[in-house]
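Chemist: My questions concern the predicted model and sequence given below.
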Amino acid sequence: MEPDALIEAILFYTAEPVPKVRLGELLDIGDSEIDDALAVLRTKLEGRGIALMDHDGEVTLATSTGASPILERLEATEERALSKSALEVLSIIAYQAPVTSADIDQIRGVNSQSALRQLLMRGLAKRERASEAASYTYTPSIDLLAHLGIGQASELPEYEPLRAFLDKQKTETL
């Protein structure tokens, strides 16, 4: 498989920005080859609904700006319920925050990137750069707390005993 296709697969799978350096490590190719592969991918995506975003040494896939009007119309007319997986991830974020996507995946036993993307798009979770350069942590958004009618996550039902139990489980698995 060509490097541009492999990069596309990586970006689709992770559903979040990936440093170019990390792509080079994964594909075992140099910086110039990464740039060439990204140029090929960008060209292949022209006129499509997906675009390649490149900012501060990181790349990601996003919807193209040309699709914005229809996506805005879709969002305005469609009030969708959260999926079961998104609700699970939201619960983990609410009770475990700050939590990484790797931690969420470990708790659930499956990849949670799609659910995380859904929560971020709806403004229910907040993503911040973690201390490790290629990682993010997730916390409940202020909009989620307002929607739930609480001022902070510690006001969630059974927060303290559940948080203590989860913290104990986490330390026992380390």
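Modeler: Now that the structure is in, tell me what you want to look at.
Chemist: So, low pLDDT: which residues of this structure?
Modeler: 75-80, 132-134, 173-174 (pLDDT under 70).
Chemist: So which residues of it form strands?
Modeler: For the chain, the strands defined by DSSP state E occupy 18-19, 50-55, 58-63, 99-100, 125-129, 136-140.
Chemist: Quick check: which of the ones you listed is nearest to Val40?
Modeler: Val40 lies closest, by CB to CB, to one member of the strands of the chain: strand 50-55, at 10.1 Å. No exception for glycine: its C-beta is placed from N, CA and C like everyone else's.
Chemist: and the closest one with strand 58-63, angle?
Modeler: Between the axes of strand 50-55 and strand 58-63, defined by axes from the mean of the first three to the mean of the last three CA atoms, to 10 degrees, the angle is 150 degrees.
Chemist: Determine how far strand 50-55 lies from the middle of the whole chain.
Modeler: Distance, stretch centre to chain centre, for strand 50-55: 15 Å (CA atoms, centre = their mean, to the nearest Å).
Chemist: what comes into contact with that strand?
Modeler: 11, 17, 38, 41-42, 45, 59-65 (CB atoms under 8 Å, 6 or more residues apart in numbering).
Chemist: Just confirm Lys44 contacts Asp4, I think it does.
Modeler: Yes: using CB atoms under 8 Å, Lys44 is in contact with Asp4, at 6.7 Å.
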